[in-house]
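Student: Can you look at this prediction? I've put the sequence above it.
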Amino acid sequence: MKIFQKILILALCILFTQSAQAQKNKTEKVTFKVFGNCPQCQSRITDACDLKGVKSAEWDVDTKMMTLIYNPNKITVDKVQDAIAASGHDTETKKAPDEVYSKLPDCCLYREKPNTHHD
Amino acid sequence: MKVLLVFLLGLISMVKLGAQNTIVLNGVVVETTQKGGIEPIAGAIVHWIGNKQAVSTDSNGVFHIPIDAKSNQLVVQALGFKNDTITVNGGNYLKVLMISKRNFADAVISYERKSSEVSFIDPWKTTIMNEKELFKAACCNLSESFETNPSVDVAYSDAITGSKQIQMLGLAGQYTQMSVEQMPGIRGIATNFGLNYIPGTWVNSIQVSKGMGSVVNGFESISGQINVELHKPVVKEKVYLNGYVSQGGRYETNLVLAFQPTKMFSHALFLHGSTYSLRMDQNKDGYLDNPLGEQANVLYRMFIDNKTGLIFHASVQYVKDKKIGGQVNFQEHMQDTATNTVYGTQIDAERLSGFMKLGYVFPRFKYRSIGFQANASNQKYDNYFGNNLYKGEQTSYYANLIYQDIIGSTNHRIRAGFSNQTDIVNEKLFNKQAYVFNRNEQVSGAFTEYTYSYLAIFTLVAGARLDYHNYFDWKFIPRLHLRYAPLATTVFRAVAGKGWRTSNVISENMGTLISTRTWNFTNAFLPKTAYGFSPEEAWNFGINVNHEFKLNYQKGSFGIDYYYTVFDKQVVVDRDANAQQVQFYQLNGASYSRSLQVQLDYQPIRRFDVRFAYRWLDVKTQYNQALLAVPLIAQNRWFVNLSYTTKSKWNFDLTANWVGQKRIPFTQSNPEPLRLNNQSDPFTLVNAQVSKSFKKRIDLYVGCENIFNFQQPNAILDGANPFGNYFDASMTWGPVFGRMFYGGFRWKV
């Protein structure tokens, strides 16, 4: 039964590490709007935020709000928004290049038909 | 993460007096909090379809809206939540439970991110393995698809035919119910080799769940169920081509063509061809490591959806698979039971199967549906293993009618129906003497399953079925599933239930025919039985916890599960009583399996996934001589899978398995040099793969299996005298094939 004990300890460790993680480090959290339609857009947008200094980027399909947690010493929100726009998605301040936008799949063409994707 | 689920609790009270326009629908709009509590949503807009008159909810989430004579479709809109439409039917008191579409969208995304995950909402713990997970190992067919899944153990049937089998909870593959598209898939005499008939590249996803399944899918599941979903024609890719080549001389090609000529009709053609052509003997034991042979496999499927509630699917599959193995210089024409010169084996299989599904969803009541499923299959084998001959044919028919509805509200769901399973099995076995086994099993039954759900917090599924078997009379099985999620991140589940099945003694122990052991039945020709035995019956109990967490902004999950299976009736396969025999007899005493598994999934760095698991088993059976551990099952197994994807879509995968000691059947009565140890050695298997995808269209992959080149020593006992008294190639506990490189491509248009 030694193995059960080990497992129990492991389980408890994992459960408690969470509470220990708390808000540390120098990170900031911002939210801003990013235009898009569907889950496909979601992965494109979050993939675009795969940048050094970005801790977490979550985009809500329904509210179109991006919640970004980042380290301001390493990256600026402006840079992240540039990257999102470069992937084809407009933000409130940046506009995606038309040639990138026009290459998006049909369901993602949020400028012409916002919210077409319902499945 | 914000709360995922939104619930609408529509409480409808009908005012009985007055004209229609005075009847008011009262309701409340709520969401669940992270702690599982309920918060009202204020300011949500509620209106009937086609009626612009809208009301909004107050600070308690409550609304009052006059009933509209023209519409029963209520639209609810709230900021930050997906709009939803609810069908409101009459009734004095009606609760409507709604899961927002937003939730499903999230679920879809997480599938894209995580290739294998445990479903959170299902009342049974189900691991969903999608294509990305299946790509981690360049699996060729279903038996090789579980290398990255710690819940499923891979077992080696013997050292000659190259067949792999699966085990769950330490119980052999036949105790796991295999279904294809939720229909009886690989069963009966095909159990052992049937996994080879589904090429990996045809598979869209695999759902693996431990413990008892739903009674709707039958009575046969004991240790768990594995359901395979094939590619649907309604996908973006029209052509999917795959090629594979390995160092072992294995070549495979798969082609999937999908067409959707109209919105209502779509169909697809699946083609597979494979061949083993190299005579390889890496371990220099004089026997081929893998048999030579080829397989041709064709599947056609069609879908009709007339968009008014009627759905029809049908498919037909034909497989021809022939494998010849044995001693290195064995040729097919040498098969001759009289001269006993060169040892050879053949597995020649042919299978034709088809299924159809017809479903109707009542357009005004989305929760009410009728489904009819039917399938038919014919499986033939013409095998030989040295002087052991086996010919078998099974024809099966299956039909299942399912009616689904709610009782009062969607909190109470019910599924009920009838099913019939017919199995006509004719087998001929020659093992020292000739045996003929014929049976015609007819099982008709009725089932009902009630599901109670309280928000996303609690689910209870209680099911029962009663079947009448033409040989074994009435069989009743109850099953219960409970699910409790006190937090949005933690879920507890419990399962208890019973299952039963007819044991296909020959095909389940085909590997033991690759020896000179004498098969010893208790009472093989007892009428109205299967090989003299009544069905196997077992109870299964399980509990599990799954917890999702976020550590350093990265998601992870942790799970523990424990299952206990206990057999009331079982056909005991005894290879210990006598090293020159295999004895089959009815269980007289205890037989059980205890299984504990811990699994941790975490992403320490973005795009780098780590999966770690440990599995512990205790599987024992009362043999005539003693209560012994079931042979060739490892008590301990450790598992690690590392997967890293670069931004430019390079994938690196590494899977390591450490498999502990297994008990080897008793051989101490053999002459000194032909005795095996009582325990096998622990061994480590490491597989790695690198793949690169180009523009999401083309994937190239190369990999290496068994990097440390571990091969079971002495895999064939007394291989020098295959027709002597001590030859045995069925005590296989480790890989026979050593290090192997492979490569391939996948191309989608």
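Tutor: Thanks, I have it.

Student: confidence score at the closest residue to chain A within the stretch 551-700 of chain B?
Tutor: Chain A sits closest to B:Tyr553 of the stretch 551-700 of chain B, with a gap of 4.1 Å, by Cβ to the nearest Cβ. Every C-beta, even on glycine, is put in place using the N, C-alpha and C of the backbone. Looking at B:Tyr553, its pLDDT is 84.

Student: With B:Phe418 instead?
Tutor: Reported pLDDT for B:Phe418: 96.

Student: Can you list phi and psi of it for me?
Tutor: Main-chain dihedrals, B:Phe418, degrees, to the nearest 10: phi -130, psi 150.

Student: and it, bridged to which residues?
Tutor: B:Leu401, B:Ala446 (DSSP bridges).

Student: Report the helix or strand with the lowest average pLDDT across chain A.
Tutor: Here the helix or strand of chain A ranked lowest by mean pLDDT, DSSP states H and E is helix A:2-21, holding a mean of 58.

Student: How many neighbouring residues does the residue of the stretch 551-700 of chain B closest to chain A have?
Tutor: 16 (other Cβ atoms under 10 Å in any protein chain shown).

Student: same deal with B:Gln177?
Tutor: Applying other Cβ under 10 Å, we find 25 residues neighbouring B:Gln177.

Student: so it touches B:Val216, yeah?
Tutor: No: taking contacts as Cβ atoms under 8 Å, B:Gln177 lies outside contact range of B:Val216: 11.9 Å.

Student: Check the stretch 401-550 of chain B for the residue nearest chain A and tell me.
Tutor: For the stretch 401-550 of chain B, Cβ to the nearest Cβ, closest residue to chain A: B:Phe549, 5.0 Å.

Student: any idea of the pLDDT on that residue?
Tutor: So B:Phe549 comes in at 91 (pLDDT).

Student: Tell me the bridge partners for it.
Tutor: B:Gly556.

Student: That one against B:Thr490, yeah?
Tutor: No: using Cβ under 8 Å, B:Phe549 makes no contact with B:Thr490, being 9.2 Å away.

Student: Would you mind naming the residues that bridge with the residue nearest in space to the middle of chain A?
Tutor: Residue closest to the average C-alpha location in chain A (Cα atoms, centre = their mean): A:Ala57, at 2.5 Å. Beta-bridge pairing of A:Ala57, defined through DSSP bridges, involves A:Leu68.

Student: got the contact list for it?
Tutor: If you count contacts by Cβ atoms under 8 Å, 6 or more residues apart in numbering or on different chains, A:Ala57 has them with A:45-46, A:49-50, A:66-69, A:80.

Student: Spell out, range by range, the helices that occur in chain A.
Tutor: Ranges of helices within chain A are A:2-21, A:39-48, A:77-86, A:98-101, based on DSSP state H.

Student: Can you tell me the element B:Gln295 falls in?
Tutor: For B:Gln295, the element it lies in under DSSP states H and E is strand B:292-305.

Student: Mind checking if that strand is in reach of chain A?
Tutor: No: using Cβ under 8 Å from any Cβ of the partner chain, we find that strand B:292-305 stays clear of chain A, coming within 13.7 Å at best.

Student: going on from that strand, what's the next piece of helix or strand?
Tutor: Counting by DSSP H and E, the next helix or strand C-terminal to strand B:292-305 is strand B:310-326.

Student: Buried residues of that next one, list them for me.
Tutor: B:311-315, B:317, B:319-326 (16 or more other Cβ atoms under 10 Å in any protein chain shown).

Student: Surely B:Asn546 and B:Gly559 touch.
Tutor: Yes: with contact defined as Cβ under 8 Å, B:Asn546 reaches B:Gly559; the gap is 4.4 Å.

Student: Render the CA-only coordinates of stretch B:464-472 in CSV, please.
Tutor: Provided in CSV are the C-alpha atoms of stretch B:464-472 (Å, rounded to 0.1, in the frame of the first residue of the first chain):
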residue,chain,number,x,y,z
ALA,B,464,-31.2,-1.5,-16.5
ARG,B,465,-31.8,-4.1,-19.2
LEU,B,466,-33.4,-7.5,-19.3
ASP,B,467,-32.4,-9.9,-22.1
TYR,B,468,-33.6,-13.3,-23.1
HIS,B,469,-30.9,-15.6,-24.4
ASN,B,470,-32.1,-18.7,-26.3
TYR,B,471,-29.5,-20.9,-24.4
PHE,B,472,-29.1,-19.2,-21.1
